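sharing a model that was predicted from the sequence below.
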Amino acid sequence: MDSNAEDLLSSLKEFDKKMSAFSSILEKFGLDIITKMGQTNLKITQLTDNVNELNKATIDIKGLKPQLINVIENQKFLEDELNLIKSLIMNITSTPSKKPEVENTIERDESATDRKDLIVNHLNDLKANLENKDDPQAIKPILEKIKEEIFEFTGGHRILYEIKQMLTHLSSAKSLKDLIDEDDPVPKSLEKHLEEKITFWINKLMVKD
């Protein structure tokens, strides 16, 4: 075999060796790509699962929102009731002050009478205007103001608890024509119920000194 043939054969062997090495590199590169793609798909799947779980958690939290609002409102309601009970206890257990002079006593009684008459007038005005109002939210601030006046006048009274209940009904009502208790054999509208309560509150205030 001449030198040219030997050189050609040597070149072919070298080329074959390089092609084998190149094929091995390509094979390894392909396997790496496949592995990376598998890992990427796994991460995407895990991320998708996490997003789905997050969506479920968000939906659950949104579903709890009305319950949380009720808890907050009930807590405020209980705080108001505790304050009322505290004021009643303080009035019951407070030591009577030294009997004042006759002139001062008369002056205080007249002042108390004026405040009582003012509250009664406000209640009568509210009752008279109920027919012209249908929005419960428009009634709330008026009743809140009367509630404050009664508290300042009495220092604590069962009426305050009933007014608080009425304010709760007004908060959830859309109209004064809404029924106060649909399960009642003879259900009354919120307007009728409030009218009756106002009459009852006035009678209670009238017998208070």
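Cool, got the structure.

now stretch 194-204: buried residues?
Leu194, Glu195, Lys197, Ile198, Trp201, Ile202 (16 or more other C-beta atoms under 10 Å). The way it works is simple: take the backbone N, C-alpha and C, and place the C-beta from them, glycine included.

any chance of those residues in a markdown table with distance to Val120, secondary structure and pLDDT as columns?
Shown next, in a markdown table, are these (distance: C-beta to C-beta, whole Å; DSSP: H, G, I helix; E, B strand; the rest coil; pLDDT from 0 to 100):
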| residue | distance to Val120 | secondary structure | pLDDT |
| --- | --- | --- | --- |
| Leu194 | 16 | helix | 87 |
| Glu195 | 15 | helix | 88 |
| Lys197 | 14 | helix | 89 |
| Ile198 | 10 | helix | 90 |
| Trp201 | 9 | helix | 88 |
| Ile202 | 5 | helix | 87 |
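
wait, which of the residues you listed is closest to Asn121?
Ile202 (9.9 Å; C-beta to C-beta).

mind splitting the protein into its structural domains?
Following the assignment in automatic domain parsing, the chain carries domains at 1-94, 103-209.

would you mind finding the most buried of these?
Sort those by mean neighbour count, taking mean count of other C-beta atoms under 10 Å, and domain 103-209 sits at the top with a mean of 14.

any regions of this protein where pLDDT drops low?
Scanning the chain with the threshold set as pLDDT under 70 gives 1-5, 60, 62-81, 83-84, 86-88, 90-110, 181-186, 208-209.
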